[in-house]
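J.: model the following, please.
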Amino acid sequence: MREIEKVGVIGAGLMGHALAIVHALGGCNVIMQDLKESQIAKGLQLIDSALETLVEAGTITKSEEKDAKARIKTTLELNTAVEDADLVVEAVVENRGVKTEVFQHIDNAARKDVIIASNTSNLDIFPLVPEARKSFCLIAHWYTPPYIIDLVDLAAGPDTDIDILQRMKTFYNKLGKKPVVFRKFINGYVANRLQAAMGLEITRLLDEGWASADAIDDSVKYGLALRMALMGSLMKADFTGLDMMQRGMANMTYDPPIPKPQSDTLDELISSGRQGVMSGGGYFEYGEMTPEELFRNRDKGLLMLKSQVSDIETKFPLRPKK
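T.: Model (predicted):
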């Protein structure tokens, strides 16, 4: 098989533009496609801003920034993005109809041996993929922003060639990422399931008026996240003591949240036009700060934390090296 050198990214939105960065920094030539010129223009703006942030943080050099930008081209034509690609990254909206149409276009235009990687979060895309493409198709699910957050979930479908799965693991390891491999699709993978379970409890605390948004996020940032960044969850339990964890479970005086597909608090925010950073507000107010400013500040903070955690792990290991 050919080396992965040419990548077509379908979708220039929040994840699409960021995945163009990931692959361009990894040395690939990228064609980023979207149906709207305005979305491509916005994607290029965010690419410029993110790369500038990485330079300022010392993560990449000015020369590497220039090279990455030169490797990213754009098009409105899906055929142009995929016709000579070694890898097609599908990063369109989580909608069965839209994804089915995209996969059909890929099937019509791409080489027969192209690898198709979907960034789907929860949707089982494998039934939507044309039969002839199933062995070369997998899920490569990323976390925002993927040019900083290294985790990528690699999940095989029922017909995915396991050699393709291994090849993609090797490919992303070389890019400095942390692939977690699933031999079959698991809805939500691991990280999303944990986030969802935590989100259910957070939603209940908000909807029932037990805690404010500030109280919840301060509890996560200053209580959970710092320790989890260093130890994860299960190792943190080891350090706490499994007997204490067992007693805590036995002494729990409230019922865990019952899954429900709706939150009154969330519905009220969305109906009032508050959809998060991109709309200027969500659970929190962001004043006059633009999305570009907010993303850059987020990225700088994550880069600093990532560097410090890596340095701490090296200097103060918590278990023997493998």
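J.: when you work out contacts or count neighbours from here on, use the C-alpha atoms and nothing else.
T.: Fine.
J.: quick one: low-confidence ranges for this structure?
T.: For the chain, applying pLDDT under 70 flags the ranges 1, 258-261.
J.: which residue of it sits farthest from its center?
T.: N251 (35.9 Å; C-alpha atoms, centre = their mean).
J.: let me see the backbone angles for that residue.
T.: Taking degrees, to the nearest 10, you get phi -90, psi 0 for the backbone angles of N251.
J.: same deal with H141?
T.: The phi/psi pair for H141 (degrees, to the nearest 10) is phi -100, psi 130.
J.: would you mind measuring from it to N192?
T.: Here H141 is placed at a distance of 10 Å from N192 (C-alpha to C-alpha, to the nearest Å).
J.: ok, the residue positioned nearest the centre of the chain to I149 distance?
T.: The chain has Y143 as the residue nearest its centroid, 1.8 Å off, counting by C-alpha atoms, centre = their mean. Separation of Y143 from I149 (C-alpha to C-alpha) stands at 6 Å.
J.: likewise Q308?
T.: 14 Å.
J.: again, but for G176
T.: Counting by C-alpha to C-alpha, the gap from G176 to I149 is 10 Å.
J.: which of these two has more neighbours?
T.: More crowded of G176 and I149, by other C-alpha atoms under 10 Å: I149, with 16 against 11.
J.: where's the more buried one relative to V114, distance?
T.: Counting by C-alpha to C-alpha, the gap from I149 to V114 is 26 Å.
J.: and what of L194?
T.: From L194 to V114 the distance is 33 Å (C-alpha to C-alpha).
J.: neighbour count winner among those two?
T.: V114 (23 against 11).
J.: and that one, what does it touch?
T.: The contact partners of V114, by C-alpha atoms under 8 Å, 6 or more residues apart in numbering, come to A85, D86, L87, V88, F136.
J.: the same query, at a cut-off of 7 Å, please.
T.: Taking C-alpha atoms under 7 Å, 6 or more residues apart in numbering as the contact definition, V114 lies against A85, D86, L87, F136.
J.: what sits up against the helix or strand where Q308 lies?
T.: Here Q308 sits within helix 291-315, counting by DSSP states H and E. Outside of helix 291-315, the residues within contact range by C-alpha under 7 Å, 6+ apart are L46, S49, A50, T53, A57, I148, L230, V277, M278.
J.: closest to G188 out of those residues?
T.: I148 (20.7 Å; C-alpha to C-alpha).
J.: how close does the nearest residue to the closest one once chain neighbours are set aside sit to S49?
T.: Computed as C-alpha to C-alpha, 6 or more residues apart in numbering, the closest residue to I148 that is not its neighbour in sequence is L303, at 6.8 Å. Relative to S49, L303 is positioned 15 Å away (C-alpha to C-alpha).
J.: neighbour count: these two, which is higher?
T.: Higher neighbour count among L303 and S49: L303, with 19 against 15, using other C-alpha under 10 Å.
J.: so which of the contacts of helix 291-315 wins on neighbours?
T.: A50 (24 neighbours).
J.: excluding its backbone neighbours, what's nearest it?
T.: Take A50 and drop its neighbours on the chain: the residue closest to it by C-alpha to C-alpha, 6+ apart is R296, 6.6 Å away.
J.: that neighbour: how many residues sit nearby?
T.: 19.
J.: quick one: the helices in the stretch 201-322 of the chain?
T.: Taking DSSP state H, counting those that start in this stretch to define them, one finds helices in the stretch 201-322 of the chain at 213-219, 226-231, 234-240, 242-250, 264-271, 291-315.
J.: for A81, find the nearest of the ones you listed.
T.: Nearest of the helices of the stretch 201-322 of the chain (C-alpha to C-alpha): helix 291-315, 26.2 Å.
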